[in-house]
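Engineer: Predicted model follows, preceded by the sequence.
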Amino acid sequence: MTAALHRLARTDRLAFAGLVILVLIMLATLLAPWIAPYPADDPRPVDALLPPGAEHWFGTDQVGRDVLTRILYGARTSLFIAVSTLALSAAVGVTLGVVAGYAGGWIRDVIMRVTDVFLAFPALLLSLALAVVLRPSVTTVIIAISATWWPWYARVTAAAATSVSARAYVDSARCLGVPAPLIVFRHVLPNALTPVLVQLSLDAGGIILTAAALSYLGLGAQEPTAEWGLMVEQGQALFTTDWWVVTFPGLAILITAFAFNTLGEGLRSILDPRRTVR
């Protein structure tokens, strides 16, 4: 692990910076109850729309809540959505992909055709349609995004599993009478996960942006939950007069998505055996 981090720092400083930013964000998320200057949901109308200052570093919102505190707790919500969505999407997509890649034949054709049906729709549009049908909540966001994200992991895993299944050591295991499930879990799946891990790191930023978009449209997190997209929606009308209400949550979304994307690109350059050595 240390060697991988050293290699990342040496070969791609931008990706390493993204990793550092993500570590800081996660630490702030975990320590939010102790480092947040105020309670997460503590409206104080008398302090409404105070500009950034010594008492409130990022100012206050329309009902007097500290914006910095809301951003720290909003990171919990946004990262929870990202991690849950990636876990659910990968669980479905990787399972179907490895089955399709190893089994081949009509099983692969059926799984891939179902995958193609989902990929035929724009992901954000399909997520919006599902979110409209369901009751607005954080759970709805996770389900809506997962339903549109799993096909990518199915395709990536199926391609990798097909390649691995054709290798000599897998053929040897078959000839020795090793059961198919054991071959899949011991040989095929571990060797097909590398592109999936890279794809997960690349997709995390996109999921945070999609979740923020759904909350911005009123289809995701609801009051009094602290969530970055919801905070942007609540502060958009105040941008010209009380800019801090919308600017700081927007920057939080931008920085986090940027960090995930740069880290994902760095991992891809390291893990891709065809990459150009710098």
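Structural biologist: Now that the structure is in, tell me what you want to look at.

Engineer: Show me what counts as buried in stretch 112-129.
Structural biologist: 112, 115, 118, 119, 123, 124, 126, 127, 128 (16 or more other C-beta atoms under 10 Å). For glycine as for every other residue, the C-beta is placed from the backbone atoms N, C-alpha and C.

Engineer: Contact partners for the closest residue to residue 38 other than its chain neighbours?
Structural biologist: Nearest residue to residue 38, sequence neighbours excluded (C-beta to C-beta, 6 or more residues apart in numbering): residue 66, at 4.1 Å. Going by C-beta atoms under 8 Å, 6 or more residues apart in numbering, residue 66 touches 36, 37, 38, 42, 56, 58, 60.

Engineer: Closest one of these to residue 87?
Structural biologist: residue 36 (26.4 Å; C-beta to C-beta).

Engineer: What about that closest one, how many residues nearby?
Structural biologist: 17 (other C-beta atoms under 10 Å).

Engineer: For the remainder of this discussion, apply numbering that starts at 742.
Structural biologist: Will do, 742 is the new start, and the previous item becomes residue 777.

Engineer: can you map out the helices along the chain?
Structural biologist: 743-752, 754-771, 773-776, 808-844, 846-860, 864-874, 879-906, 909-916, 921-924, 930-933, 935-957, 969-976, 985-1012 (DSSP state H).

Engineer: okay, the angle between the fifth one and helix 808-844?
Structural biologist: Here the directions of helix 846-860 and helix 808-844 differ by 150 degrees (axes from the mean of the first three to the mean of the last three C-alpha atoms, to 10 degrees).

Engineer: isn't residue 941 right up against residue 834?
Structural biologist: No: if you go by C-beta atoms under 8 Å, residue 941 and residue 834 don't touch, sitting 10.2 Å apart.

Engineer: Show me where the protein dips below the pLDDT cut-off.
Structural biologist: Applying pLDDT under 70 to the chain flags residues 742-751, 1012-1019.

Engineer: okay, which residue is most central for it?
Structural biologist: The residue lying closest to the centre of the chain (C-alpha atoms, centre = their mean) is residue 945, at 2.4 Å.

Engineer: residue contacts, it?
Structural biologist: With contact taken as C-beta under 8 Å, 6+ apart, residue 945 is in contact with 823, 827, 1001, 1005.

Engineer: and which of the residues you listed is nearest to residue 959?
Structural biologist: residue 823 (20.1 Å).

Engineer: Enumerate every residue touching the closest one.
Structural biologist: Per C-beta under 8 Å, 6+ apart, neighbours of residue 823: 945, 948, 949, 952.
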